[in-house]
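In: Have a look at this prediction, sequence included:
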Amino acid sequence: MTLRVEPSGGACGARVTGLDLSQPLDADTVQAVRQAWLEHHFLAFPDQRINDDQLERFTLYFGQYGDDPFFAPIAGRKHIAAIRREADEQSPLFAENWHTDWSFQARPPSGTCLNAVDIPPMGGDTLYANQHMAWDALDPARQALLARLVAVHSARLAYAPDGSYGNKDKGRSMDIRPSTAALATQTHPLVPAHPETGRRGFYSTLGYIVGIEGMADSEAIPLLLELQKWQGDERFVYRHRWEPGMLVMWDNRSVLHKATGGYEGHRRELHRTTIAAWDGS
Ligand code: SIN
């Protein structure tokens, strides 16, 4: 089989065919996938239908597992979480706001893999916003102002006991575990250079970003709101349509992502792993 990488033609993303992920990959193939991931930021592997063992093996080609707080893993696995919504579920959609996975950690995951388990016949697309593009499209004077800012990240708005997935969140089929650990804060540059490609881009957005270091909230929150709108502008966004049997992976250092609805009355389940921060090797 020959590896084929077809760019989406949109703001990011490519479709990768010519691989059978139910079988081990050799080092050259893993390297080629890694290069495609760094170039396109989001990769979709259609028609794979891999199981959880094969999802774990695929994840470990790209680094160690990330540390996944606030979710219980699925039964019998330490590193796989289920992104799940039952057909009759009424709770607000999970992950409907732009975010970067676990950006509030000191060493957040470089990537995330999602494997289709149950895909609804319509809706449930995932959106990806290319943050290098969002940065490059700013005028140089604006870039100069933003380049030096340091963002304060926290999981508190989502996973603290009074957060949106906290104690008041009832009837959700996902096994979310809110905790006071979500109150911790962590800083990262607002516009870091990507550790592997050196390309600059916004990292995360308002939500997991809760402030700007050294800036009053009265100034920081309006700025973050304005940036959030810019970061998710449609010209930077690729809409991913799921197919049964599909695996995807994305680069958390390059894109924001968010879930969408539109599949009421249908079940949706994806199995998720994260890839730990790159260690330079
Ligand atoms: C996520 O943010 O991990 C979930 C995305 C989705 O459900 O489409």
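Out: All right, it came through fine. Numbers count the residues shown, from 1 in each chain.
In: what does stretch 239-252 contact?
Out: Contacts to stretch 239-252, defined as Cβ atoms under 8 Å, 6 or more residues apart in numbering, come from residues 10, 13, 21, 37-38, 41-50, 55, 58, 62, 100-103, 108-116, 119, 124-128, 194, 257, 275. All C-beta atoms are positioned from the backbone trio N, CA, C, and that covers glycine.
In: Which residues belonging to stretch 16-25 are considered buried?
Out: 16, 19, 21, 25 (16 or more other Cβ atoms under 10 Å).
In: Any idea how far it is from the middle of the chain?
Out: When distances are taken as Cα atoms, centre = their mean, to the nearest Å, stretch 16-25 is centred 22 Å away from the chain's centroid.
In: got the buried residues of stretch 16-25 as a markdown table, with secondary structure, pLDDT and distance to Ala158 columns?
Out: As requested, the buried residues of stretch 16-25 are exported to a markdown table (DSSP: H, G, I helix; E, B strand; the rest coil; pLDDT from 0 to 100; distance: Cβ to Cβ, whole Å):
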| residue | secondary structure | pLDDT | distance to Ala158 |
| --- | --- | --- | --- |
| Val16 | strand | 98 | 31 |
| Leu19 | coil | 98 | 34 |
| Leu21 | coil | 98 | 31 |
| Leu25 | coil | 97 | 34 |
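In: Of those, which is the nearest to Phe236?
Out: Val16 (21.8 Å; Cβ to Cβ).
In: from what I can see that closest one touches Gln35, true?
Out: No. At 11.2 Å, Val16 does not count as touching Gln35 under the criterion of Cβ atoms under 8 Å.
In: Filter the contacts of stretch 239-252 down to the buried ones.
Out: 10, 13, 21, 37, 41-46, 48, 50, 55, 58, 62, 100-103, 108-116, 119, 124, 126-128, 194, 257, 275.
In: Of those, which are in range of the ligand?
Out: 126, 257 (Cβ under 6 Å from any ligand atom).
In: Now intersect the buried ones among the contacts of stretch 239-252 with the strands, please.
Out: 42-45, 111-116, 126-128, 257, 275 (DSSP state E).
In: what's the closest of these to the ligand?
Out: Thr126 (3.5 Å; Cβ to the nearest ligand atom).
In: Could you report the pLDDT at that closest one?
Out: If you check Thr126, the pLDDT there is 98.
In: Confirm for me that it is in contact with Lys258.
Out: Yes. At 7.2 Å, Thr126 counts as touching Lys258 under the criterion of Cβ under 8 Å.
In: Show me which residues of the stretch 1-150 of the chain sit near the ligand.
Out: Near the ligand, when you scan the stretch 1-150 of the chain using Cβ under 6 Å from any ligand atom, you find 83, 95, 126.
In: Tell me who's in contact with the last one.
Out: Contacts were defined as Cβ under 8 Å, 6+ apart; by that measure Thr126 touches 114, 240, 242, 248, 257-260.
In: which residues does it bridge with?
Out: His240, Ala259 (DSSP bridges).
In: how close does it sit to Val255?
Out: Computed as Cβ to Cβ, to the nearest Å, the Thr126 to Val255 distance reads 10 Å.
In: likewise Met133?
Out: 10 Å.
In: now swap in Glu39 and tell me
Out: Glu39 is 13 Å from Val255, by Cβ to Cβ.
In: And the two? Which one has more around it.
Out: Taking neighbours as other Cβ atoms under 10 Å, Glu39 and Val255 compare with Val255 leading, 28 against 15.
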